[in-house]
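S.K.: sequence plus the predicted model coming up.
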Amino acid sequence: MADAWIVDVVRTPRSKGRADGALHDVHPQELLAQCLRALAARVGFEPSDVDDVIAGNGILTGDHDAVGRLATLLAGWPQTVPGMTLNRFCGSAQQAITVAAMGVASGLQDLVVAGGVESMSRWDLTAGSVTIDGGNPDFRARFPTVPQGISADLIASLEGFSRTDVDAFAVESQRRAEVAVDEGRFDRGIVAITGADGEVLLARDEHPRPGTTLEGLAKLRPAFAEAGATYDAMALEVYPEVDHIDHVHHAGNSSGVVDGAAAAVVASDAWVAANGVTPRAPLPSRHSVQVLGTGDLLTQLARCCNPVPGDSIIGYITRSRGVTIHRADCFNVLHEDEKDRLVDVEWGRTGELYPVAVHIDAWDRVGLLRDLSTVVSEEKVNMVGVRTEHEEERITSVYLTLETTGISQLSRLMAKLETVKGVITVNRQVDGQRRSAGSL
């Protein structure tokens, strides 16, 4: 398989997703079309060379119908350039990038533009079903589903996140956004949106709210408590371990309602080399592990031990899924009966991100999660999951799911997490066992 590369990425500024938002009167086709034109101008490719345009969208009705194909035409690109639209709800644009990478990695495509667009202020809120069950009572009886807001409150109730916890996280998020905007961190990727007369309609995000405070958020009423009168019982039916749902989310700590679009150029090794461009980042089509003494084989990282670069590793030949890569001291490897299935492997090109689990025990206090997440952010590590458990009086266990480049970065992060006020221990989770920074 070939590698897929992100050559460049652009996005519109995010406007408020309501009738008085700066982009409300701009059709979503035009928002995406302006991103497409900007990419062609910045990268310097001929639109006729594009193998496909893939747009993610979470509603696929009304103004957003077939937006991938229609925006391609509106951008002035040749009719021979295909376009498609897909829907994986809030992950639609991410899925579009994934599909583009798959096409390039397969060798069938060399140049794909992928992204997404949502004009939430123009959504037809009467379309579809808020329970995402197609209005089918038989399905609902077997798989009761609830709106996202109820789900978010349910997760908070299950994991023990209080209103103060989520408000503190929101305040910190707004603070970081303010710093990033002031330092111009988003400037490289933002394309100012213009009207038909060429006048700039929006050049900076108008959605963030700098200066947000805990005191201000405390005045907002829960957004989903009223809907809970209808849907809480459905959620509790599936999760009987919770006796009630705390409605902790509101307009100030929930995901934003915005209008905007974004697009990325995804290209093959051959296209990058032939056109002399410098990619922004790789989209790995396989993990950077080489099976010694063989050609290019399908490899995947074992979830039981989640190895990262710097770990000693070994491969296990599966019956149908290629070679799984384990830590050399993985319990499953050490107790494997069929030793002839084990093969030597080594790390190849680095720079990718690898999942790792970290377990922190700390004295419970207000602001603990905020301080831990600040350290993670300062070390430029992605935090993709967090949950908490109260194991004994005043002691909280925090479980972080992180994405790291390898042992060196992970060791630095764990050492800094140990300095956070109230932290007792910080350990990496491997095979269900805890390992300190000194024994990674």
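M.R.: Alright, I've got the coordinates. All values derive from a computational prediction rather than experimental measurement.

S.K.: ok, and what's touching the helix or strand containing residue 233?
M.R.: Element membership of residue 233, judged by DSSP states H and E, is helix 225-238. For helix 225-238, the surrounding residues in contact (C-beta atoms under 8 Å, 6 or more residues apart in numbering) are 131, 144-147, 149-151, 153-154, 242-245, 247. Heads up, the C-betas are built off the backbone N, CA and C, glycines and all.

S.K.: so for it, mean pLDDT?
M.R.: The predicted model gives helix 225-238 an average pLDDT of 94.

S.K.: and what of stretch 415-428?
M.R.: Per-residue confidence for stretch 415-428 averages out to 96 on the pLDDT scale.

S.K.: may I have that stretch exported as PDB, CA atoms only?
M.R.: Taking C-alpha atoms only, stretch 415-428 is exported to PDB below (Å, rounded to 0.1, in the frame of the first residue of the first chain):
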ATOM      1  CA  ALA A 415       6.900  13.100  34.700                       C
ATOM      2  CA  LYS A 416       5.100  16.500  34.400                       C
ATOM      3  CA  LEU A 417       1.700  14.900  35.400                       C
ATOM      4  CA  GLU A 418       3.400  13.700  38.600                       C
ATOM      5  CA  THR A 419       4.000  17.400  39.500                       C
ATOM      6  CA  VAL A 420       0.300  18.400  39.400                       C
ATOM      7  CA  LYS A 421      -1.100  19.300  42.800                       C
ATOM      8  CA  GLY A 422      -2.600  16.300  44.500                       C
ATOM      9  CA  VAL A 423      -1.400  13.700  42.100                       C
ATOM     10  CA  ILE A 424      -0.200  10.500  44.000                       C
ATOM     11  CA  THR A 425       0.800   8.200  41.100                       C
ATOM     12  CA  VAL A 426       1.000   8.200  37.300                       C
ATOM     13  CA  ASN A 427       1.200   4.900  35.500                       C
ATOM     14  CA  ARG A 428       0.900   3.600  32.000                       C
END
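
S.K.: could you identify which of the contacts of helix 225-238 has the most neighbours?
M.R.: Across the contacts of helix 225-238, the neighbour count under other C-beta atoms under 10 Å reaches its highest value at residue 153, namely 27 neighbours.

S.K.: and the helix or strand hosting that one, how far from the chain's centre?
M.R.: When elements are defined using DSSP H and E, residue 153 is found to belong to helix 148-159. The gap between the average C-alpha position of helix 148-159 and the chain average comes to 19 Å, counting by C-alpha atoms, centre = their mean, to the nearest Å.

S.K.: contacting residues around that helix?
M.R.: Outside helix 148-159, the residues that touch it by C-beta under 8 Å, 6+ apart are 146, 161-162, 165-166, 222-224, 227-228, 231-232, 235, 239, 241-242, 244-249, 254, 387-388.

S.K.: now the buried members of the residues you listed.
M.R.: Of all the contacts of helix 148-159 considered here, the ones buried according to neighbour count by 16 or more other C-beta atoms under 10 Å are 146, 161, 165-166, 222-224, 227-228, 231-232, 235, 245-249, 254, 388.

S.K.: on that earlier part again, format the CA atom coordinates belonging to the helix or strand following the helix holding residue 233 as CSV.
M.R.: Where DSSP H and E defines the elements, the next helix or strand beyond helix 225-238 is strand 258-268. Output for strand 258-268, consisting of C-alpha atoms alone and laid out as CSV, is shown next (Å, rounded to 0.1, in the frame of the first residue of the first chain):
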residue,chain,number,x,y,z
VAL,A,258,-21.8,27.2,13.8
ASP,A,259,-21.7,27.7,10.0
GLY,A,260,-18.5,26.9,8.1
ALA,A,261,-16.6,24.6,5.8
ALA,A,262,-13.1,23.0,5.5
ALA,A,263,-11.2,21.0,2.9
ALA,A,264,-7.9,19.2,2.5
VAL,A,265,-5.8,18.0,-0.4
VAL,A,266,-4.9,14.3,0.0
ALA,A,267,-2.2,13.0,-2.4
SER,A,268,0.0,10.0,-3.1
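
S.K.: mind listing what strand 258-268 pairs with, with the direction of each?
M.R.: In the sheet containing strand 258-268, its partner strands are strand 4-11 (antiparallel), strand 15-16 (antiparallel), strand 111-119 (antiparallel), by DSSP bridges.

S.K.: ok, and for the helix or strand following the longest one, which residues are buried?
M.R.: With elements assigned by DSSP H and E, the helix or strand that comes after strand 111-119 is helix 137-142. Under the neighbour-count criterion of 16+ other C-beta under 10 Å, helix 137-142 has nothing buried.

S.K.: pick the most deeply packed of the strands paired with strand 258-268.
M.R.: Using mean count of other C-beta atoms under 10 Å, the stretch among the strands paired with strand 258-268 with the largest mean neighbour count is strand 111-119, at a mean of 28.

S.K.: let's see that strand as PDB, backbone CA atoms only.
M.R.: Extracted in PDB, the C-alpha atoms of strand 111-119 (Å, rounded to 0.1, in the frame of the first residue of the first chain):
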ATOM      1  CA  LEU A 111      -5.200  13.400  -5.800                       C
ATOM      2  CA  VAL A 112      -8.400  13.800  -3.800                       C
ATOM      3  CA  VAL A 113      -9.900  16.800  -2.100                       C
ATOM      4  CA  ALA A 114     -12.000  16.000   1.000                       C
ATOM      5  CA  GLY A 115     -13.600  17.900   3.900                       C
ATOM      6  CA  GLY A 116     -17.000  19.000   5.000                       C
ATOM      7  CA  VAL A 117     -19.500  21.800   5.400                       C
ATOM      8  CA  GLU A 118     -22.300  22.600   7.800                       C
ATOM      9  CA  SER A 119     -24.600  25.700   7.700                       C
END
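
S.K.: many thanks, we can stop here.
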